[in-house]
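J.: Sequence unavailable; structure follows:
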């Protein structure tokens, strides 16, 4: 079992590295999805 300190450091490392790497891909995907959605809505309203 990890010590509290090791666990804390690991969680902090993951929060910084894992979180940002994950959200960068997610953000790009969400942005593309939102753009597509807006385009469809624009076409639908005409």
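T.: Nice, I can see it. Bear in mind the structure is a predicted one, so any value in this text is a computation, not a measurement.

J.: what's the spacing between the lowest-mean-pLDDT helix or strand in the chain and its chain's center?
T.: One helix or strand of the chain scores below all others by mean pLDDT, DSSP states H and E: helix 4-13, with a mean of 73. From the chain centre to the centre of helix 4-13 is a distance of 21 Å (C-alpha atoms, centre = their mean, to the nearest Å).

J.: tell me what the helix or strand containing residue 38 is packed against?
T.: Counting by DSSP states H and E, the element that carries residue 38 is helix 19-45. Using 3 or more C-beta pairs under 8 Å, 6 or more residues apart in numbering; DSSP states H and E as the contact test, no helix or strand touches helix 19-45. The way it works is simple: take the backbone N, C-alpha and C, and place the C-beta from them, glycine included.

J.: Show the average pLDDT along that helix.
T.: Regarding helix 19-45, the rounded mean pLDDT is 81.

J.: for that helix, the distance to its chain's centre please.
T.: 12 Å.

J.: Buried residues, it. List them.
T.: By neighbour count with 16 or more other C-beta atoms under 10 Å, helix 19-45 contains no buried residues.
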